[in-house]
Each structure stands twice: as C-alpha cells, then as structure tokens.
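Colleague: fold the stuff below for me.
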Amino acid sequence: MGVQTVDPIVLFKMLFIGYLFGIRSERRLVHEIADNVAYRWFLGFSLNDRIPEHSTLSQNRRRQFNGTTIHQEIFDEIVRQAIRHGLVDGKVLYSDATHIKANANKRKHLLKQVPVSTKSYLDELDKAIEEDRRKHGLKPFRPQKEVKVETREIKVSTTDSDSGYMVRDGKPEGFFYLDHRTVDGAHNFVTDVHVTPATVNDSVPYLDRLERQQKAFGFKVEAVALDAGYLTAPICHGFEERKIFGVIGHRRFHSTKGLFPKSRFKYDPETDRYRCPGGKELTYRTTNREGYREL
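Modeller: Numbering: from 1, shown residues only. Take a look at the predicted model:
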C-alpha cells in the first residue's frame, strides 16, 4: 500500500469536527466522516473520495503537530478575524476555569515531592515592603541567610502524568485538568484557552494569559470579571499596575465572635492610620516580611 498524502488543512479540519461534535476516537471519527455528507463537504471530499485512515490522522498529530505552536496560531488567527469584523473589542473580559476529568484511574499513582512554586510577584513585594518601611523611618530587613525551599507531596498518575490530582470541597476526587478560558464581553467570543493540571490554582496563570492577549491582539482592557478563586494579592496588584478595573467575587467572611471584621476598619491616608468601629485609632508600628502593616 502506498503512502497516503493529505493536506494538513484537511487534517486540522478533521480534528475540529472531532472536537466540535465530541468524537474522541479517531477511528470512529474517520467512520463518521465517511458516512456524513456534510462532513465530506466541509473537508472538500466527494462521495467517492477515500477518507484518510485514522493512523494518518494520529501519526500527524503526534509527530508533525506535537510540540509546535500551530494550534495556538490557528486559534489566534480566528480571534483576529473576529476583531476585524467588529465582533471582539478587548475592553471587558470574563475568565473562569472548568475541571476536565482525565482518562486515568485515581488509584494508580506514585507519590512525589515537588517544590512549592514561588510566585513571580514576591520580588516586587519585597521591594514594596522595603519602600514602605523606608517611608516610615524604619531600617530595611537584613537578608535572610537561608531561604528554605518548601516542598509538598503530590500524586502523579501512572497513566496520565500531565494531569493533576484534585481534592476540593464539592468536587469529585481524582485526576483532572483545568481549562482556563477568557471571553470577550462584546459578543461572547472566546479569546483565550489555556489548559493546566488541576493542581494549579485558577489564579496562577491568569496574569500571564491576560498579558499575552494584550500583546497578541492589542487589547486595551478596561475591566475584567472573575470569581472568588481569583481574589489573591498578585491578581489585585496586577490590576492596579495595569490600571484595570477588576470585579472579583469574594467568599463571605465569618469573623470570630466578639471581633470586628477587616471590612469595618477605615483607613485615613492623611494621618496614615486606621480607625476601628469602636472609634479608636490604630497607630502604625512596622511592616513585616509578609507585607502586612502591624498596628
């Protein structure tokens, strides 16, 4: 049997059909295309044309397309076409993450110690702490002699090592992925898709993906909307730097009986003091290594 040559555009269009109609098996996808006139028309095949074998599709996906950015380039071009047609303006963006179950048995895994990732904003936080201490007439902290590298134990699937083991309240336990998506507010077009293991918090890749969209599409983002999972210091700091108005959900705070919640304390920038609901002023003492002002 001779080698079957297929236009790469056709192979990608075949993959799109499988994705759009939930056909996960490439063998079944080929059978569906062979029997469906609409699929044949979309791919440019006549009723008598031979459909590429499933092995041709899978081998190209693994060898030719794997490790390239071609999928991202195609996605970006679709977004750019939507921008040219006035369907995307990049002013208001909505983002969220959805769990996708991995095809992996949760009982088949290995235990592995991994370092806890350091957030990219920590260096900036250290500078801000030193600046805040300097403004209040305090000396900078002495450099720490040893920086302890924290580790944590994770479960690694022996079937799908790229997935992450998820244990969250109200969610099924097992190996999952997180599908991070951003939608433009003009006409609800998806402008970014990014997949991570489920062990990666929703907020971790957010700012990088936001910046990527701004650079790739020239978005002038004015506002974003996120759920409570994104309410973190790096996210808030990132919005302040980019001058973006962020609407972020929050989890209801349950204060200890007899204590006032933080939201009821008022800050006076002129005197640089907080006033508690009881009417007393709290005077600044120091800024600690974690960036909190102690009163």
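Colleague: buried stuff in stretch 10-23?
Modeller: Val10, Leu11, Lys13, Met14, Leu15, Ile17, Gly18, Ile23 (16 or more other Cβ atoms under 10 Å). No exception for glycine: its C-beta is placed from N, CA and C like everyone else's.
Colleague: for Leu207, state which of the residues you listed is nearest.
Modeller: Relative to Leu207, the closest of the buried residues of stretch 10-23 is Leu15; by Cβ to Cβ it sits at 30.1 Å.
Colleague: what's the one helix or strand that closest one maps to packed up against?
Modeller: In the assignment (DSSP states H and E), Leu15 maps to helix 8-20. Other helices and strands packing on helix 8-20, by 3 or more Cβ pairs under 8 Å, 6 or more residues apart in numbering; DSSP states H and E, are helix 26-35, helix 37-43, helix 54-59.
Colleague: where does the stretch 151-295 of the chain have low pLDDT?
Modeller: 253-255 (pLDDT under 70).
Colleague: 90 - rerun?
Modeller: 151-154, 166-172, 199-204, 229, 232-234, 236-237, 250-295 (pLDDT under 90).
Colleague: show me the contact partners of the helix holding Leu15.
Modeller: Contact with helix 8-20 is made by 23-24, 26, 29, 32-33, 39, 42-44, 52, 56-57, 60-61, 64, 74, as judged by Cβ atoms under 8 Å, 6 or more residues apart in numbering.
Colleague: stretch 240-258 now?
Modeller: 210, 221-228, 230-231, 235-236, 238-239, 261-263.
Colleague: Leu259 belongs to a helix?
Modeller: No. Under DSSP: H, G, I helix; E, B strand; the rest coil, Leu259 falls outside any helix and is assigned coil.
Colleague: so who does it touch?
Modeller: Residues near Leu259 by Cβ under 8 Å, 6+ apart: none.
Colleague: distance of it from Asn288?
Modeller: 20 Å (Cβ to Cβ, to the nearest Å).
Colleague: tell me the domain ranges of this protein?
Modeller: As given by automatic domain parsing, the domain ranges for the chain are 8-68, 82-251, 254-295.
Colleague: what about the shortest one, distance to the chain center?
Modeller: The offset between the C-alpha centroid of domain 254-295 and the centroid of the whole chain comes to 33 Å, using Cα atoms, centre = their mean, to the nearest Å.
Colleague: do the same with stretch 72-85
Modeller: 20 Å.
Colleague: extract the C-alpha set from that stretch and format it as PDB.
Modeller: Extracted as PDB, the C-alpha positions of stretch 72-85 are listed here (Å, rounded to 0.1, in the frame of the first residue of the first chain):
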ATOM      1  CA  GLN A  72      -2.300  28.400  19.100                       C
ATOM      2  CA  GLU A  73      -1.600  30.200  15.800                       C
ATOM      3  CA  ILE A  74      -4.800  29.000  14.300                       C
ATOM      4  CA  PHE A  75      -6.800  30.000  17.300                       C
ATOM      5  CA  ASP A  76      -5.200  33.500  17.300                       C
ATOM      6  CA  GLU A  77      -6.000  34.000  13.700                       C
ATOM      7  CA  ILE A  78      -9.600  33.200  14.300                       C
ATOM      8  CA  VAL A  79      -9.700  35.800  17.100                       C
ATOM      9  CA  ARG A  80      -8.000  38.400  14.800                       C
ATOM     10  CA  GLN A  81     -10.700  37.700  12.100                       C
ATOM     11  CA  ALA A  82     -13.300  38.300  14.700                       C
ATOM     12  CA  ILE A  83     -11.600  41.600  15.700                       C
ATOM     13  CA  ARG A  84     -11.500  42.700  12.000                       C
ATOM     14  CA  HIS A  85     -15.300  42.000  11.800                       C
END
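Colleague: averaged pLDDT, that stretch. What do you get?
Modeller: In this model, stretch 72-85 carries a mean pLDDT of 95.
Colleague: contacts made by that stretch with the rest, please.
Modeller: Contacts of stretch 72-85 (Cβ under 8 Å, 6+ apart): Phe12, Val88, Asp89, Gly90, His187, Phe189, Thr191, Val193, Ala216, Phe217.
Colleague: now render those residues as a markdown table, adding secondary structure and distance to Gly170.
Modeller: Formatted as a markdown table, those follow (DSSP: H, G, I helix; E, B strand; the rest coil; distance: Cβ to Cβ, whole Å):
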| residue | secondary structure | distance to Gly170 |
| --- | --- | --- |
| Phe12 | helix | 37 |
| Val88 | coil | 33 |
| Asp89 | coil | 35 |
| Gly90 | coil | 33 |
| His187 | coil | 32 |
| Phe189 | coil | 30 |
| Thr191 | strand | 29 |
| Val193 | strand | 24 |
| Ala216 | helix | 35 |
| Phe217 | helix | 35 |
